[in-house]
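Enquirer: Predicted coordinates and the sequence they were generated for:
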Amino acid sequence: MLTKEQVLKIAHLARLKLTEAEVEKYQGQLSQILDYVAMLDEVDVSKVEPTAQVTGLTNSMRPDEAKVSFGQSVSIREAAATQKGYFKVKAVL
Amino acid sequence: MDFNVLTIKGASALLKNKQVSSRELTQDAFAAIEKQDGQIHSFLTLEKDVAGKMAEAADARLAAGKGNALTGIPLGVKDCYLVEGFKAFSASKILDNYESQYEGPAIARLRAESPVFLGKTNTDEFTCGASTENSAYGTTHNPWDLDRVPGGSSGGSAAAVAAGLCLAALGTDTGGSIRQPSSLCGTVGLKNTYGRIPRFGVIPMASSLDTIGAITKTVEDMALMLQVMAGPDSRDATTPNAPIPNYSALLGKDIKGLKVGVPKEYFVEGMEAGVEQSVREGIKELEKLGAQIVDISLPYTKYAIPVYYLIVPSEVSSNMARFDAMRYGPRSKDAADVLEFYLENRGMGFGPEMKRRIMIGTHALSSGYYDAYYIKAQKVRTLIRQDFEQAFKNVDVIVTPTSPTTAFKIGAKNDDPLQMYLADIFTVSINLAGVPALNVPCGFSQPADGERELPVGMQIIGPNFSEDRLLQVGHAFEQATEWHQRKAQI
């Protein structure tokens, strides 16, 4: 069972603000899911390679060429706040 | 001509013979939506003006004798696809009011055929779910019984096709999201081989599993849709340059001698009796058509759900990291600093299932847990993939039920995430293996808690890039049965 502190730590890492009620709900639900997936402990994978993709492709390369994309006005069009053609964000430092 | 029973092939013939115009078909579609979608809620946004212009362009093209198979055909588009100028929320509040700035090759290839895009169909938020109940814009109702879910996540598309509101619709399938709603709504749904259709321009969920494709009324129509969308694109590095066959070429060819594997792990305790019966009768039908039925085993099947629910949340948490409310979506005005800004906007914008998956994934990928969870799941994924590779040494296709039950009641699994996850029990292995699988309607079953008969679907699975073979088998089955002709009475 995850502790309340663990849930809060995960939520912080995931950048999700949770209400008190949510913390309690997810503590139970996440624990239940993690208990369930622990079923994999019974599988011996000591000689098995992991699968990251399934069609055998490796390192698909294409020429690194500049191409026309949509312009600045379209790029920032969907942002809730912009300034002088830039995305407006909170001070980072 | 009755719009709600028209197929792409049928409509295309009428259009070419000038018995109907695309403008009329489009009007019929919007009239059907107006009449019925208040109850079904399969569409999230409608694009009447754009659709009208697309229909005009299609009619002009047809008049010039340059129409193709999809010219003038009214289609629904799942909300996670970007269609330039259309809204795209992926049914999430975090993308509320977002309007697509571009579109990818799948939409561009369709557009080159001059079809008509009617609007965007409902889905679980970011395609995470098996019922469409996780949509932030209200659930979709199953046209066969409005108290029940259409399945998910492509529930809006499946319901719209089943109710005859469009001739076909686009979906995505990461763990069953095309096949399971097709099973629950009585439509044809094809999960393509991973990478067969480029995903660029579709809002992602779990990138090593995501596939895109169509939901149609018939197998023939599916061949037409896939023909247009298939093929590599440099903007999706996971699209192999595999040959693109004529997907209609094998339709009508008999299936005598075809080896059909039936895995014992897909007939389990707890599945609906009427589902098992319909699928077993479907298998007998294939035998009557000359197929040879072979009992097989896929021993790692029982680990598919735990593997899936580690890999998916991990990749979901990574993909959802881009939603920071700075470049798109609504944003909170009173956050004190940048950290608070992230916490508030993401806390407000994501619904409960997204929060669960993002947190499970964040945990599974965090330092100290990565090997035990994500890498372990990827290793068991290898064993599941090898199950299929082994099986396909002895059989041509594998046939299973698509879903363990018919459509369940709205709200029945809402508070129990694990029960909802188990709705995908027969579909997730296929995505883990990467192989293609086709759902075709194979009968009806009356669930214990209901009074109506509901559609049952059969899943036909093949090796990588065997879509043409799956369509051949599905078409042979469809020709021999009448299940696909029954229509929902709303």
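Expert: Sure thing, it's come through. Note that the structure is predicted; figures quoted are calculated from it, not measured.
Enquirer: so what's the closest residue to chain A within the stretch 1-150 of chain B up against?
Expert: Across the stretch 1-150 of chain B, the shortest distance to chain A (CB to the nearest CB) belongs to B:Gln101, at 5.3 Å. In this view, the C-beta of every residue, glycine as well, is placed from N, C-alpha and C. If a contact means CB atoms under 8 Å, 6 or more residues apart in numbering or on different chains, then B:Gln101 has A:70, A:74-75, A:77-78, B:82, B:84 as its contacts.
Enquirer: ok, of the residues you listed, which come out buried?
Expert: A:75, A:78, B:82, B:84 (16 or more other CB atoms under 10 Å in any protein chain shown).
Enquirer: Which residue is the nearest non-sequential neighbour of the first one?
Expert: Of all residues not flanking A:Ser75 in the chain, B:Gln101 sits nearest, at 7.2 Å (CB to CB, 6 or more residues apart in numbering or on different chains).
Enquirer: and the closest residue to chain A within the stretch 351-490 of chain B, what does it touch?
Expert: With CB to the nearest CB as the measure, B:Gly434 is the residue of the stretch 351-490 of chain B nearest to chain A, at 2.9 Å. For B:Gly434, the contact set (CB under 8 Å, 6+ apart) comprises A:53-55, B:193-194, B:385, B:464.
Enquirer: go again using 6 Å as the cut-off
Expert: Residues near B:Gly434 by CB atoms under 6 Å, 6 or more residues apart in numbering or on different chains: A:54, B:194.
Enquirer: for B:Ile305, same thing?
Expert: B:Ile305 touches B:Ile425, counting by CB under 6 Å, 6+ apart.
Enquirer: That one is in what secondary structure piece?
Expert: helix B:304-319 (DSSP states H and E).
Enquirer: again, but for B:Ile293
Expert: strand B:292-296.
Enquirer: Show me what that strand is packed against.
Expert: Judged by 3 or more CB pairs under 6 Å, 6 or more residues apart in numbering or on different chains; DSSP states H and E, strand B:292-296 is in contact with strand B:259-263.
Enquirer: Please export the C-alpha coordinates of whatever helix or strand comes next after the strand it packs on as PDB.
Expert: Once strand B:259-263 ends, the next helix or strand along the chain (criterion: DSSP H and E) is helix B:273-288. The C-alpha coordinates for helix B:273-288 follow below in PDB (Å, rounded to 0.1, in the frame of the first residue of the first chain):
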ATOM      1  CA  ALA B 273     -22.200 -17.000 -22.200                       C
ATOM      2  CA  GLY B 274     -23.800 -15.500 -25.300                       C
ATOM      3  CA  VAL B 275     -20.500 -14.000 -26.400                       C
ATOM      4  CA  GLU B 276     -18.700 -17.400 -26.200                       C
ATOM      5  CA  GLN B 277     -21.600 -19.100 -28.000                       C
ATOM      6  CA  SER B 278     -21.600 -16.500 -30.900                       C
ATOM      7  CA  VAL B 279     -17.900 -16.700 -31.300                       C
ATOM      8  CA  ARG B 280     -17.800 -20.500 -31.300                       C
ATOM      9  CA  GLU B 281     -20.600 -20.500 -33.900                       C
ATOM     10  CA  GLY B 282     -18.500 -18.000 -35.900                       C
ATOM     11  CA  ILE B 283     -15.600 -20.300 -35.800                       C
ATOM     12  CA  LYS B 284     -17.800 -23.200 -37.000                       C
ATOM     13  CA  GLU B 285     -18.900 -20.900 -39.900                       C
ATOM     14  CA  LEU B 286     -15.300 -20.500 -40.900                       C
ATOM     15  CA  GLU B 287     -14.900 -24.300 -40.800                       C
ATOM     16  CA  LYS B 288     -17.900 -24.600 -43.100                       C
END
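Enquirer: And for helix B:273-288, what's in contact with it?
Expert: Against helix B:273-288 from outside (CB under 6 Å, 6+ apart): B:260, B:267, B:293, B:399, B:401, B:442-443, B:445, B:456, B:458, B:480.
Enquirer: quick one, phi psi at the closest residue to B:Asn4 other than its chain neighbours?
Expert: Distances taken as CB to CB, 6+ apart put B:Gly164 closest to B:Asn4, at 2.5 Å, once the chain neighbours are dropped. The phi/psi pair for B:Gly164 (degrees, to the nearest 10) reads phi 70, psi 30.
Enquirer: Now for B:Gly164, how many residues are close by?
Expert: By the measure other CB atoms under 10 Å in any protein chain shown, the count of residues near B:Gly164 is 21.
Enquirer: Over to B:Ile73?
Expert: So B:Ile73, with other CB under 10 Å, has 31 neighbours.
Enquirer: surely it meets B:Glu113?
Expert: No: between B:Ile73 and B:Glu113 there is no contact under CB atoms under 6 Å: 8.2 Å.
Enquirer: Distance check, B:Ile400 against B:Ala391.
Expert: I think there's a mix-up here, since residue B:400 is Thr and not Ile. Distance check for B:Thr400 against B:Ala391: by CB to CB, to the nearest Å, it reads 11 Å.
Enquirer: about what we covered before: what pLDDT does the residue of the stretch 351-490 of chain B closest to chain A get?
Expert: With respect to pLDDT, B:Gly434 scores 98.
Enquirer: what sits against B:Tyr98?
Expert: Contacts of B:Tyr98 by CB under 6 Å, 6+ apart are A:78, B:88, B:328.
Enquirer: What distance do you get for the closest residue to the second one other than its chain neighbours to A:Val23?
Expert: It stands for B:Ala88. Leaving aside its chain neighbours, B:Ala88 sits nearest to B:Ser100 (4.9 Å; criterion: CB to CB, 6+ apart). Taking CB to CB as the measure, B:Ser100 falls 35 Å from A:Val23.
Enquirer: Looking at the contacts of B:Tyr98, which one is closest to B:Phe200?
Expert: Ranked by distance to B:Phe200 (CB to CB), those are led by B:Ala88 at 14.0 Å.
Enquirer: which of the contacts of B:Gln101 has the weakest pLDDT?
Expert: Among these, A:Phe70 has the lowest pLDDT, at 85.
Enquirer: What distance do you get for A:Ala21 to B:Gln419?
Expert: Distance from A:Ala21 to B:Gln419, by CB to CB: 21 Å.
Enquirer: Touching, the residue nearest to B:Ala88 and B:Glu84? I think so.
Expert: Yes: contact criterion CB under 6 Å: B:Ser100 and B:Glu84 qualify, at 5.4 Å.
Enquirer: Run the chain-centre distance for stretch B:361-372.
Expert: 29 Å (CA atoms, centre = their mean, to the nearest Å).
Enquirer: Can I get that stretch in PDB? Just the C-alpha atoms.
Expert: Extracted as PDB, the C-alpha positions of stretch B:361-372 are listed here (Å, rounded to 0.1, in the frame of the first residue of the first chain):
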ATOM      1  CA  GLY B 361       3.600   6.000 -15.100                       C
ATOM      2  CA  THR B 362       5.600   8.600 -13.200                       C
ATOM      3  CA  HIS B 363       6.100   6.100 -10.400                       C
ATOM      4  CA  ALA B 364       7.000   3.300 -12.800                       C
ATOM      5  CA  LEU B 365       9.600   5.400 -14.500                       C
ATOM      6  CA  SER B 366      11.000   7.000 -11.400                       C
ATOM      7  CA  SER B 367      14.500   6.300 -10.200                       C
ATOM      8  CA  GLY B 368      14.700   3.000  -8.300                       C
ATOM      9  CA  TYR B 369      11.500   1.600  -9.800                       C
ATOM     10  CA  TYR B 370      12.300   1.800 -13.600                       C
ATOM     11  CA  ASP B 371      13.900  -1.700 -13.900                       C
ATOM     12  CA  ALA B 372      11.300  -3.300 -11.700                       C
END
